[in-house]
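> After the sequence you'll find the predicted model.
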Amino acid sequence: MTTTPTPPPPPADATPIPSASIPPASSEPRWLSPDEQHLWRTFLQMQKELEAQLSRQMLNDSELSMADFSVLVQLTDTPEGQARVLELARGLRWEKSRLSHHLTRMVKRGLIDRAECASDGRGSFVVITDSGRRAIEDAAPKHVETVRKLFFDPLSEGQLAQLGQVAERILAAMQGCPESDPDE
């Protein structure tokens, strides 16, 4: 007779997960029902198609990739137009190495600069340049038009409110999961 090994206890510093969100322990996987599988695959297909169409639109209407646009959005959301690399990595949900390589390419294209932090000398800031600001200002109207056409216009106000509630609930359920931080 085969026995299932008992998992080790969680580390003392582990983030507790509310018991209501933990499915009952079982040796059998909780397979998706046909309806759940259809919903999951439809969601994944929608996500990929949205990303593909937004990327195509961005490249066709500007010289920015969606990654460039995402970095520039993070920088324009700060009053000074600058942020530390770690802050950007967290905001973008990117690993630091991916961000570092991407920032190097953006510096070469004149969209951003790096500036030393004079107050503590520990690191540098990523700063949007005038060229970067012009690029995002030029790209944003068409991008917003495409987002509206693909994501908002097909849904009623009630559906949008419900989608917002569902998205917030799923995001809240993911908080505290070890997989939620790309560099930890």
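Perfect, I can see it now.
> For the nearest residue to Leu86 once chain neighbours are set aside, grab the count of nearby residues.
The spatially closest residue to Leu86, leaving aside those adjacent along the chain, is Lys96, at 7.1 Å (C-beta to C-beta, 6 or more residues apart in numbering). From N, CA and C alone the C-beta is placed, and that goes for glycine too. Applying other C-beta atoms under 10 Å, we find 14 other residues in the vicinity of Lys96.
> With Arg90 as the reference, measure out to Lys96.
Distance, Lys96 to Arg90, using C-beta to C-beta, to the nearest Å: 10 Å.
> Could you do Cys117 as well?
Taking C-beta to C-beta, one finds Cys117 at 17 Å from Arg90.
> For these two, indicate the residue with more neighbours.
For the pair Cys117 and Arg90, the greater number of neighbours falls to Arg90 (17 against 12), based on other C-beta under 10 Å.
> In three-state terms, label that one for me.
Following DSSP: H, G, I helix; E, B strand; the rest coil, Arg90 is assigned to helix.
> So what does Arg169 look like in phi/psi?
phi -70, psi -40 (degrees, to the nearest 10).
> next one: Ile112
Dihedral pair for Ile112: phi -140, psi 170, per degrees, to the nearest 10.
> Report how many residues lie close to it.
Neighbours of Ile112 under the rule other C-beta under 10 Å: 27.
> And Leu88, by the same measure?
Other residues within reach of Leu88 by the criterion other C-beta under 10 Å amount to 24.
> what's the spacing between it and Leu111?
Taking C-beta to C-beta, one finds Leu88 at 13 Å from Leu111.
> Can you pull the residues that touch both of the two?
Residues touching both Leu88 and Leu111 by C-beta atoms under 8 Å, 6 or more residues apart in numbering: Val71.
> Just the mean pLDDT for the one helix or strand Glu168 maps to, thanks.
Per DSSP states H and E, Glu168 falls inside helix 157-174. Averaging pLDDT along helix 157-174 gives 96.
> before we move on, what about stretch 36-49?
Mean pLDDT, stretch 36-49: 98.
> Do you know the pLDDT at the residue nearest to Leu86?
90.
> I'd say it and Ala89 touch.
Yes. Counting by C-beta atoms under 8 Å, Lys96 does reach Ala89; the two are 5.0 Å apart.
> What residues does Gln37 make contact with?
Applying C-beta under 8 Å, 6+ apart to Gln37 gives no contacts.
> any idea how far it is from Phe43?
Gln37 is 11 Å from Phe43, by C-beta to C-beta.
> For this structure, which segments are assigned as strands?
Applying DSSP state E to the chain gives strands spanning 82-84, 112-116, 124-128.
> How about residues contacting the second one?
With C-beta under 8 Å, 6+ apart as the test, strand 112-116 has contacts from 71-72, 75, 82, 103, 106-107, 124-129, 132.
> sorry, back to before: which of the strands of the chain has the highest mean neighbour count?
Stretch with highest mean neighbour count among the strands of the chain: strand 124-128 (a mean of 20; mean count of other C-beta atoms under 10 Å).
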